[in-house]
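Novice: here's my sequence, what's the structure:
(one chain, ligands or ions: 1)
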Amino acid sequence: MSGRFGARLAEAVAARGALCAGVDPHPGLLAAWGLPADPGGLERFALTATEVLAERVAVVKPQSAFFEAYGARGIAVLERVVASARQGGALVLLDVKRGDIGSTMAAYAAAYLAEGTLGADAVTVSPYLGFEALTPALEAGKGAFVLARTSNPEGAAVQTARLADGRTVAQSIVDAAAERNADAAPLGDVGVVVGATVDPAELDLSRLHGPVLAPGFGAQGATVADLRRVFGPGLPGVLPASSREILRHGPDPVALREAVRRTQAILET
Ligand SMILES: O=c1ccn([C@@H]2O[C@H](COP(=O)(O)O)[C@@H](O)[C@H]2O)c(=O)[nH]1
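Specialist: You can find the predicted model right below:
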């Protein structure tokens, strides 16, 4: 697939629905699948899951931390996961949550967004060294999802703090992303992360013109009703993200496939 990330994402969502399925090889899930907590077990888990998910969902989101935990062999598995997701026809959103000074950010952009074995379609990035410091990732010609209002309760203290102009930190991140997407249609390349667990009154996403990654759906307790409450009825541009709630149905690919189908059906009601 070629073209801008936002356009490719809109196309993928139109064809496959908005679900973003996570590949999070938690040690507990490996054990539940009867696999050892070693690089071999990691590979069996991650590739089985990716093959099933990538044939059905618009976006596959590997959580880098669970691969990094196994060192170089874990990264090699992550490379195979990226390739397998592509082969299945899904876009790859690598959840790495990187953020640093601009010169170092350029190296992160090269690591995760340049063409190469780990080159994803989009990454998650953290703006707490300053939104503009993320420029190398935002201008890499791919997609980036900037943490704005995360799904975990601990995020609230810093993200709902007020700036001198009265906006929350989270709203200022959304507004900065919106500026980057100003002339984009149907969706810009710069998305934000807003948990499906947050208070809907907190944020105005109406000028974003970009995608919203919405984790918290499933294992963290948010439901479809919460998604609608937080993001409105049509969920335009919103990618509900679920990892453990789907993955716990493995290792049987049939059961895993059925869990994806069920989740997609719920999201479409
Ligand atoms: O605000 C955020 C940002 C990222 N995440 C990541 O999403 C998945 C959620 O996994 P579940 O099993 O569906 O809870 C995980 O990789 C997190 O690191 C998030 O949860 N919240």
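Novice: C-alpha from now on. contacts and neighbour counts both.
Specialist: OK.
Novice: how about the residues of the stretch 1-150 of the chain near the ligand?
Specialist: When proximity is defined as Cα under 6 Å from any ligand atom, the stretch 1-150 of the chain approaches the ligand at D24, Q63, T150.
Novice: pLDDT, secondary structure and neighbour count added to these, as a markdown table?
Specialist: Listed next are those as a markdown table, based on pLDDT from 0 to 100; DSSP: H, G, I helix; E, B strand; the rest coil; neighbours: other Cα atoms under 10 Å:
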| residue | pLDDT | secondary structure | neighbour count |
| --- | --- | --- | --- |
| D24 | 98 | coil | 24 |
| Q63 | 98 | strand | 21 |
| T150 | 98 | coil | 23 |
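Novice: mind checking the SS state of V60?
Specialist: In terms of secondary structure, V60 is strand; the call rests on DSSP: H, G, I helix; E, B strand; the rest coil.
Novice: residue contacts, the closest residue to the ligand within the stretch 1-150 of the chain?
Specialist: The ligand sits closest to T150 of the stretch 1-150 of the chain, with a gap of 3.2 Å, by Cα to the nearest ligand atom. Applying Cα atoms under 8 Å, 6 or more residues apart in numbering, we find T150 in contact with A156, V193, V194, G195, V198, P215.
Novice: now go through the residues you listed and say which are in helices.
Specialist: Judged by DSSP state H, helices contain the following of the contacts of T150: A156.
Novice: buried subset of the contacts of T150, written for PyMOL?
Specialist: Those of these that count as buried under 16 or more other Cα atoms under 10 Å are selected in PyMOL with:
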select buried, resi 193+194+195+198+215
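Novice: among the contacts of T150, name the ones in strands.
Specialist: Residues of the contacts of T150 located in strands (DSSP state E): V193, V194.
Novice: now, which of the contacts of T150 lie close to the ligand?
Specialist: Applying Cα under 6 Å from any ligand atom to the contacts of T150, those adjacent to the ligand are G195, P215.
Novice: export the contacts of T150 to TSV and tack on pLDDT?
Specialist: Output for the contacts of T150, formatted as TSV (pLDDT from 0 to 100):
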residue	pLDDT
A156	97
V193	98
V194	98
G195	98
V198	96
P215	98
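Novice: closest to R261 out of the contacts of T150?
Specialist: Nearest to R261 among the contacts of T150 is P215, at 18.3 Å by Cα to Cα.
Novice: how about the closest one: what's its closest non-neighbour residue?
Specialist: A241 (4.6 Å; Cα to Cα, 6 or more residues apart in numbering).
Novice: related to what we said a few turns ago, distance check, the residue of the stretch 1-150 of the chain closest to the ligand against A54.
Specialist: T150 sits at a distance of 25 Å from A54 (criterion: Cα to Cα, to the nearest Å).
Novice: got the contact list for the residue nearest to P215?
Specialist: With contact set as Cα under 8 Å, 6+ apart, A241 has these partners: L19, C20, A21, G22, L213, A214, P215, G216, F217.
Novice: I am finished for the moment; much appreciated.
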